[in-house]
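J.: can't give you the sequence, but here's the structure:
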């Protein structure tokens, strides 16, 4: 784990900042996590990215066709590693040093 510099276009930064502002991530450094209210959507996204599909048949009803299981496992692990690194770095720094994705 290390802190790296990443360049964003101003529009990209504004978009990601707005998602965070609207509550995509909850908690305060060093204890942050994906907002539980969007967790089902994140899980559905992982399935789609892994080759599955998602259909919305009524407000709040998602029908998910699974994607490649190992890809979903990998994405979930990457999310867990990312969250752990952000929380660890911010805890060591004593303030929010890295952006909370």
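T.: Done, it's in. Because the structure is a prediction, the values reported are computed rather than measured.
J.: run through this protein and note the low-pLDDT ranges.
T.: 99-101 (pLDDT under 70).
J.: which residues in the chain form helices?
T.: Ranges of helices in the chain, per DSSP state H, are 10-21, 39-49, 69-93.
J.: just put these in a markdown table and tack on mean neighbour count and distance to residue 60.
T.: C-beta here means a position set from N, CA and C on the backbone, and glycine is covered the same way. Output for the helices of the chain, formatted as a markdown table (neighbours: other C-beta atoms under 10 Å; distance: least, C-beta to C-beta, whole Å):
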| stretch | mean neighbour count | distance to residue 60 |
| --- | --- | --- |
| helix 10-21 | 11 | 21 |
| helix 39-49 | 15 | 9 |
| helix 69-93 | 14 | 22 |
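J.: contacting residues around residue 31?
T.: By C-beta atoms under 8 Å, 6 or more residues apart in numbering, the residues touching residue 31 are residue 87.
J.: ok, 6 Å please
T.: By C-beta atoms under 6 Å, 6 or more residues apart in numbering, the contact list for residue 31 is empty.
J.: who's it bridged to?
T.: Bridge pairing for residue 31 (DSSP bridges) gives the partners residue 28.
J.: out of the helices of the chain, which gets nearest to residue 63?
T.: Closest to residue 63 of those is helix 39-49 (C-beta to C-beta; 9.5 Å).
J.: what angle sits between the closest one and helix 69-93?
T.: 130 degrees (axes from the mean of the first three to the mean of the last three C-alpha atoms, to 10 degrees).
J.: contacts for helix 39-49 next, please.
T.: Under the contact criterion C-beta under 6 Å, 6+ apart, helix 39-49 has outside partners 34, 54, 62, 64, 66, 67, 72, 75.
J.: residue 69 versus the residue nearest to the fifth one when sequence neighbours are not counted, what's the distance?
T.: Right, residue 66. When the adjacent residues along the chain are set aside, residue 66 lies closest to residue 52, with 4.9 Å between them (C-beta to C-beta, 6 or more residues apart in numbering). The gap separating residue 52 from residue 69 is 10 Å, by C-beta to C-beta, to the nearest Å.
J.: contacts only, for the closest residue to residue 71 other than its chain neighbours.
T.: Once flanking residues are discounted, residue 71 sits nearest to residue 50: 3.6 Å by C-beta to C-beta, 6+ apart. Shown in contact with residue 50 (C-beta under 6 Å, 6+ apart): 67, 68, 71, 72.
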